[in-house]
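**Student:** kindly return the folded structure for what I paste below:
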Amino acid sequence: MRHHAHGSVADALVRRGVSRREFLKFCTIVAGTLALPPSVVPRIAKAVEEAKKPTLVWLEYQDCAGCSESLLRAARPTVAEIVLDVLSVDYHETIMAPSGGQAEKSLEEAIAAGGHLVVVEGSIPVADGGIYCTIGGKSALDLLEEATETAAAVIAVGNCACFGGIPAAVPNPTNARGVRDLVSDVPVLNIPGCPLNVDNLTGTVVYYLTFGEFPATDQLARPLFAFGQRIHDNCERRGHFDAGEFVQEWGDEGHRQGWCLYQMGCKGPVTFHNCPEQRWNEGVSWPVGSGHGCIGCSEPAFWERPLYEPVAIHEFAPPDTYPPVVEVHREPLEPLAAGALGAAVGIGVGAVATAAVAKARGGKEDSDASES
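**Tutor:** A predicted model of the protein is given here:
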């Protein structure tokens, strides 16, 4: 589990038997995840190959370990083949071999060395001095302060670590908080979701290795490459929304035909996430594609919203950006046409997002292109 020799990533890949072609394919996938142009791939490859593996400590507090499960099921790339070679994961309670005092020693050594990345999973309780989550006799609050004091940056993963999640739902008896509520002296990035999509974590870390900083973020400290677009704008069912074709009841004809799930409570119109593009289970599917509406798990306080009640779209966007949400009787839109229409919308929004990321980074892609 632990990596005592923190050599370059290139050395680790050679030991793994990863071919140059496989590595460049990985870099290309990451560039696509980050909404970066192909011209940046050589820079990503060079940076990742030459980078010294950064030390990472993964802390778990009030959580269900769902984000750790997502990490273990990474497939593009797999944890075993690349992720643990890109990072030196020195501490992770759930998957590390040592336990007890030996485990805590690993954490202490990483903190003492400094300059590490801290990944936090789960919310942090602060009521009654934080006694509702303790590890090795220390509260989660104290452990978080210790781990971040000498850290280079912090990445909160999952809705609980970002915004409090389930533990923070009313009445929030432990006064559960997100990381950004408690850490302010080092950079903090949020990658929410329930659980997070590990592709977004991999992309963030590779971006960090390539450019020496976190990617551009929104007002909630979420990376724009993953949370810069509304799910509704890239949804494969968007064409049915525009045509006024809505599922009215689970299992009805519209549901079988893949119609829009808005009236069944889908939160896609008010949720920012790249689920329609990245998907889950090696890119096979995602909740809406499987017939269930988005529950808005990348947004603050998503547990407070009634699951199967439609959201008030016009509270989040000007009314003229959406057609009336009413039942319209017309000829059904063929699923293929609906998918094509949704894809067209997604391409347009994706182009805007790519331009925004490029602008936020100060035109680094242009310089990369001239260098390569």
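**Student:** okay, now the unreliable bits of the stretch 201-350 of the chain?
**Tutor:** Applying pLDDT under 70 to the stretch 201-350 of the chain flags residues 314-350.
**Student:** give me phi/psi at V186?
**Tutor:** Dihedral pair for V186: phi -130, psi 160, per degrees, to the nearest 10.
**Student:** same thing with the one 3 residues further on?
**Tutor:** According to degrees, to the nearest 10, the main-chain angles of L189 amount to phi -110, psi 140.
**Student:** pretty sure L71 contacts V198?
**Tutor:** Yes - using C-beta atoms under 8 Å, L71 makes contact with V198 at a distance of 5.2 Å. Glycine gets a C-beta too; all of them are placed from N, C-alpha and C.
**Student:** report how many residues lie close to the nearest residue to P98 once chain neighbours are set aside.
**Tutor:** Closest residue to P98 apart from its sequence neighbours, by C-beta to C-beta, 6 or more residues apart in numbering: S106 at 6.2 Å. Neighbourhood size, S106 [other C-beta atoms under 10 Å]: 19.
**Student:** check contacts around S106.
**Tutor:** For S106, the contact set (C-beta atoms under 8 Å, 6 or more residues apart in numbering) comprises R2, D90, Y91, M96, P98.
**Student:** and it, that one's in a helix?
**Tutor:** Yes - assignment of S106 by DSSP: H, G, I helix; E, B strand; the rest coil places it within a helix.
**Student:** how close does it sit to G254?
**Tutor:** 54 Å (C-beta to C-beta, to the nearest Å).
**Student:** with V41 instead?
**Tutor:** From V41 to G254 the distance is 42 Å (C-beta to C-beta).
**Student:** what's in contact with the helix or strand where S68 lies?
**Tutor:** Assessed by DSSP states H and E, S68 sits inside helix 66-72. With C-beta under 8 Å, 6+ apart as the test, helix 66-72 has contacts from 58, 60, 79, 83, 92, 94-95, 121, 157-158, 161, 193-198, 201.
**Student:** what do you get if the cut-off is 7 Å, keeping everything else the same?
**Tutor:** With contact meaning C-beta atoms under 7 Å, 6 or more residues apart in numbering, helix 66-72 is reached by E60, V79, T94, I95, E121, V157, G158, C194, P195, L196, N197, V198.
**Student:** please save the CA atoms from it in PDB.
**Tutor:** What follows is helix 66-72, C-alpha atoms only, in PDB (Å, rounded to 0.1, in the frame of the first residue of the first chain):
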ATOM      1  CA  GLY A  66     -19.200   5.200  -1.300                       C
ATOM      2  CA  CYS A  67     -16.500   7.500  -2.800                       C
ATOM      3  CA  SER A  68     -13.800   5.000  -1.800                       C
ATOM      4  CA  GLU A  69     -15.900   2.300  -3.600                       C
ATOM      5  CA  SER A  70     -15.900   4.600  -6.600                       C
ATOM      6  CA  LEU A  71     -12.200   4.900  -6.500                       C
ATOM      7  CA  LEU A  72     -11.700   1.100  -6.300                       C
END
